[in-house]
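> output the structure for:
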Amino acid sequence: MKLTTPMQITAADSDSRTITGRIVAFNEHANASTGKVVFARGSIQPNDVFLNLEHDNTRRIGKSIAMSVNDKEMTATFKIANTTAGTDALTEAMEGLRDGFSIELAVDNYEMQKDGTMKVLNGQLTAVALVTEPAVRSARVSEVAASEDSETETVTETTNPNEGDKMDNTTEPVAPAVEPVAAPEVAPVQASRPAYYTAPRSPIVDKVSYLEHYLRASVLHDEDSRQYVKAADNTTSTAPGMIPTPQSTQVINALANADRGLIDGISRETLVAEGMTFELPRVTAVPSVDAINENAAITESSLSATFLSVSVQPFKGRAISTVELIDRSRPEYLTALLQNLEFAYAKETDEYALAAMQAAVTTVTAQSANSATGFLGYTSQAAATVYGNSLGFARSLIVSPTQWGNIMGYNDNGAPLYNAAQPSNQAGNVRGDSLRGVVSPGLNLYVSRSFGNAGTTTASGDSSMVVVNPDSYTWYESPRFTLRSNINSDGTIDILYYGYGALAAKVPNGAQFNNLP
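Residues are numbered from 1 along each chain as shown. Below you'll find the model as predicted:
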């Protein structure tokens, strides 16, 4: 919270253009807009701040050049700007017309005492103001200097008989008691903490009275109303419509991302630029070499090949917006729209690739126990089977999120099998903050959310894992395109996000799915 309370000016030097005085009195009760307040000893530390005129931060007249603190008080010296306002402020201080200090404090910690007094325990000094009406008896100028064209001297007398002791630095000045100012219902927002200001007793208690005095101040130039409005502007209760609700540009999205675990686990190629199908030559018969004795006939053989036809699948996403939304929204809106179209594209293509792979595989291993022993048995047998079918090594294991969790739970007498720190248990590495890892027997782990989604089998049970030779399956993909239509007659704008992809099952049985429960 922010709090202001007036204190004492003890010296104003017009030659050096400085004003000095007590700005904080520890353990001395004062009145602020919050009511009674007292500052605990050591609750405030010195800080370089500006000196404002009557708490108006647009009317800065100087800044601090020195501060000191002891068990009783904090004093400060301010250098006054060589401006008309600064010169006037020096004159007003010397003449006793504006002779009080009032601090502005960001309160970090406080406690309320039984009598309603706020006891400040810790706070940060943010500014000091030169004010006309202090809230404590000692908050008066007790020493001023001579004019600028003479030597500095202490003035101990005044022509005002009502203020005979005011200029005596050794005498405690007596000022009329100031009644507590009514606290606002809700503190205004400043640096995410409620704020409190010293303000005159105000007749503004609701929106209607606020409007009345606002008009008096702005149209009739009523000075009292201007002070009332100035104080009221510091509260959210009397001017609620003036407090904005800022919005962050950070977008929270827990519904989509760009992960494609299945496609990442197989080989990738760029799609040809023409046609909705393309062909890949595939060897169907190879020449043979035999052990032939001298003068014996050599067996005839040849190389035969056919063409594997691969279908190209278009993937499209359409978002409808309006001219108003494009024109009047932040740029982040369009960025988020295109990003989420990309996320949807990634999800659909990964599911398509998984379904196409499952349709191509003709053999599935027998069901294995969902345990460390069963897992090791499955991956070892599947790796050997994949090599026998494709004459290439199985290098990838792609699993559902459920099986990912199971694998991280596999242990050896309580020691995690795939997170072990000891080399004796280090069969691989699988982490909860990464969708990539390595598992026995040397397979690269990928996690795909596509298991159990459109066209695929369930995530727990049938085909929740697959061991694959990445060279047996290749994902071909074109660049992705964004097309925006012209403005339609109803003011809508179509945004089309699309691309092309194809899965080539080069060696259909180069993958082995498993029915782990």
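
> mind listing what's buried along whichever helix or strand residue 64 is part of?
Element membership for residue 64, per DSSP states H and E: strand 56-69. Within strand 56-69, the residues scored as buried using 16 or more other Cβ atoms under 10 Å are 60, 61, 62, 63, 64, 67, 69. All C-beta atoms are positioned from the backbone trio N, CA, C, and that covers glycine.

> so the second one sits against residue 53, correct?
Yes. Applying Cβ atoms under 8 Å as the test, residue 61 and residue 53 come out as touching, 5.4 Å apart.

> quick check: neighbours shared by those two?
Listed as contacting both residue 61 and residue 53 by Cβ atoms under 8 Å, 6 or more residues apart in numbering are 85, 89, 130.

> returning to what we had before: the helix or strand just after the strand holding residue 64 pairs with which strands?
Sequence-wise, the next helix or strand downstream of strand 56-69 (DSSP H and E) is strand 73-80. Here strand 73-80 has these sheet partners by DSSP bridges: strand 18-25 (antiparallel), strand 56-69 (antiparallel).

> nearest to residue 265, out of these?
strand 56-69 (60.4 Å; Cβ to Cβ).

> how far is that closest one from where the chain is centred?
34 Å (Cα atoms, centre = their mean, to the nearest Å).

> what do you get for stretch 71-86?
That offset, for stretch 71-86, works out to 39 Å (Cα atoms, centre = their mean).

> okay, how far is it across that stretch, tip to tip?
Terminal residues of stretch 71-86 lie 31 Å apart, using Cα to Cα, to the nearest Å.

> quick one: mean pLDDT for it?
For stretch 71-86, the mean per-residue pLDDT is 89.

> pull the residues that contact that stretch.
Stretch 71-86 has contacts (Cβ under 8 Å, 6+ apart) with 10, 16-27, 41, 44, 46, 51, 53, 59-69, 87, 89-90, 101, 128.

> what about residue 326, which SS state?
helix (DSSP: H, G, I helix; E, B strand; the rest coil).

> spatially nearest residue to it (excluding sequence neighbours)?
residue 493 (6.3 Å; Cβ to Cβ, 6 or more residues apart in numbering).

> again with residue 397
Nearest non-adjacent residue to residue 397, counting by Cβ to Cβ, 6+ apart: residue 443, 4.0 Å away.

> can you name the residues that contact the one you found?
Per Cβ under 8 Å, 6+ apart, neighbours of residue 443: 379, 383, 394, 395, 396, 397, 467.

> how far away is it from residue 383?
7 Å (Cβ to Cβ, to the nearest Å).

> what's the answer for residue 280, then?
Where residue 383 is concerned, residue 280 sits at a distance of 25 Å (Cβ to Cβ).

> next one: residue 448
19 Å.

> the more surrounded of the two?
The residue with more neighbours, out of residue 448 and residue 383, is residue 448; 27 against 22, by other Cβ atoms under 10 Å.

> the more buried one contacts residue 400, doesn't it?
Yes. Under the criterion of Cβ under 8 Å, residue 448 makes contact with residue 400 at 6.9 Å.

> the helices in this protein, which residues?
Per DSSP state H, the chain carries helices over the ranges 84-94, 207-219, 223-232, 261-264, 323-328, 331-360, 372-390, 401-409.

> mind checking pLDDT for residue 65?
92.

> correction: residue 360
What the model reports for residue 360 is a pLDDT of 87.

> can you tell me how far it is from residue 506?
9 Å.

> need the overlap of contacts for those two.
residue 473.

> how close does residue 330 sit to residue 56?
Distance from residue 330 to residue 56, by Cβ to Cβ: 33 Å.

> now do residue 323
The spacing between residue 323 and residue 56, counted by Cβ to Cβ, is 43 Å.

> likewise residue 88?
14 Å.

> ditto for residue 126
14 Å.

> before we move on, what about residue 403?
66 Å.

> try residue 28
For residue 28, the distance to residue 56 - Cβ to Cβ - is 26 Å.

> how about residue 204?
Per Cβ to Cβ, residue 204 is found 18 Å from residue 56.

> what does residue 412 give?
72 Å.

> check residue 228 too.
From residue 228 over to residue 56 the distance is 14 Å, taken as Cβ to Cβ.

> so what's the predicted local confidence for the residue of the chain most remote from its centre?
Centroid-distance maximum for the chain: residue 295 at 83.5 Å, with Cα atoms, centre = their mean. Note for residue 295: predicted pLDDT of 86.

> residues contacting it?
No residues are in contact with residue 295 under the rule Cβ under 8 Å, 6+ apart.

> how does this structure divide into domains?
Listed domain ranges for the chain are 2-189, 202-244, 261-285+303-516 (source: automatic domain parsing).

> returning to what we had before: residues that sit against both of residue 443 and residue 383, list them.
Common neighbours of residue 443 and residue 383, counting by Cβ under 8 Å, 6+ apart, are 394, 467.

> tell me the buried residues in stretch 44-56?
44, 46, 49, 50, 51, 52, 53, 55.

> with stretch 296-304 instead?
For stretch 296-304, a neighbour-count test (16+ other Cβ under 10 Å) marks nothing as buried.

> end to end on that stretch, go ahead and measure it.
Terminal residues of stretch 296-304 lie 25 Å apart, using Cα to Cα.

> pLDDT below threshold where in the stretch 401-517 of the chain?
Scanning the stretch 401-517 of the chain with the threshold set as pLDDT under 70 gives 415-437, 440, 453-463, 484-486, 515-517.

> please enumerate the strands of it.
411-412, 415-416, 429-430, 436-439, 443-447, 461-468, 473-477, 481-484, 492-505, 511-516 (DSSP state E, counting those that start in this stretch).

> nearest to residue 259, of those?
So among those, strand 443-447 is nearest, using Cβ to Cβ, at 7.8 Å.

> tell me the strands beside that closest one, with direction?
Looking at strand 443-447 with DSSP bridges, its partner strands are strand 396-399 (parallel), strand 436-439 (antiparallel).

> what angle sits between that strand and helix 401-409?
Interaxial angle of strand 443-447 relative to helix 401-409 (axes from the mean of the first three to the mean of the last three Cα atoms, to 10 degrees): 130 degrees.

> residues of stretch 396-412 that come out buried?
Buried residues in stretch 396-412, counted by 16+ other Cβ under 10 Å: 396-404, 406-408, 410.

> from those residues, which is closest to residue 222?
Nearest member of those to residue 222, counting by Cβ to Cβ, is residue 401, at 69.0 Å.

> isn't that closest one right next to residue 449, touching?
Yes. Between residue 401 and residue 449 there is a contact at 6.2 Å, judged by Cβ under 8 Å.

> follow-up on the earlier one: next, format the strands paired with strand 443-447 as CSV and append distance to residue 78.
Formatted as CSV, these follow (distance: least, Cβ to Cβ, whole Å):
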stretch, distance to residue 78
strand 396-399, 69
strand 436-439, 61
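
> so which of the ones you listed gets nearest residue 510?
Across the strands paired with strand 443-447, residue 510 has its closest neighbour in strand 396-399 (10.6 Å, Cβ to Cβ).

> contact partners of the closest one?
With Cβ under 8 Å, 6+ apart, strand 396-399 has contacts from 261-262, 265-266, 379, 407, 439, 443-448, 451, 464-470.
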